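[1] Okay, sequence plus prediction incoming.
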Amino acid sequence: MSSTIELEGYEEFEEYVKNMALDTVIKRQAVRSGIKVIGEGLENDTPVGPTGELAEIKISVKENALATEGTAKSKAFYDIFQEYGTSEQKAHVGYFERSVEENTEEAISKVAQTIFRKMG
């Protein structure tokens, strides 16, 4: 005895997915919402020095030929020394990478929410 499963409406769904084109504005908004989550996480996890400059995170979203990319980076030039350490200072090694890894899942879900909300 064989059993079968029939799915109705799959053709419409497949057609919807094929025709789904993301507008550049939607892509930029989605990437910005995700990178904002990562930036906020970095601001909270960054070691605070006397100036507080290291915790100021600059967020930008750019359109390349192949993708829309978002970046979050510190405005201070010495952030690399905090991330990788020096011969004298090893207290905060890896803080940037750990913070990004902790916030990646939330950022991805924020991007997906933004896209689905905009696509209707």
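    Cool, got the structure.
[2] and Leu22, that one's in a strand?
    No: read with DSSP: H, G, I helix; E, B strand; the rest coil, Leu22 is coil and lies in no strand.
[3] Run through the residues that contact it.
    Residues near Leu22 by CB atoms under 8 Å, 6 or more residues apart in numbering: Ala30, Ile115, Met119. The way it works is simple: take the backbone N, C-alpha and C, and place the C-beta from them, glycine included.
[4] Most neighbours of all the residues you listed, which one?
    Most neighbours among those, by other CB atoms under 10 Å: Ala30, with 23 neighbours.
[5] what is the rounded mean pLDDT of the helix or strand where that one lies?
    Per DSSP states H and E, Ala30 falls inside helix 24-45. Model confidence over helix 24-45, given as mean pLDDT, is 91.
[6] and what of stretch 62-76?
    What stretch 62-76 shows for mean pLDDT is 88.
[7] Stretch 87-99 now?
    85.
[8] Can you name the residues in contact with it?
    Outside stretch 87-99, the residues within contact range by CB under 8 Å, 6+ apart are 38, 41-42, 44-47, 74, 79, 81-85.
[9] List only buried entries from the residues you listed.
    Among the contacts of stretch 87-99, those buried by neighbour count (16 or more other CB atoms under 10 Å) are Ile38, Gly41, Leu42, Asp45, Thr46, Ser74, Asp79, Gln82.
[10] ok, these vs Ala107, which is closest?
    The shortest approach to Ala107 among these belongs to Ile38, at 5.2 Å (CB to CB).
[11] Was I right to think that closest one contacts Asn103?
    Yes: the criterion here is CB atoms under 8 Å, and Ile38 meets it with Asn103 at 5.0 Å.
[12] Next, find the distance separating the nearest residue to Thr24 once chain neighbours are set aside from Lys110.
    The shortest distance from Thr24 to any non-neighbouring residue, by CB to CB, 6 or more residues apart in numbering, is to Glu63 (6.5 Å). With the distance defined as CB to CB, to the nearest Å, Glu63 ends up 19 Å from Lys110.
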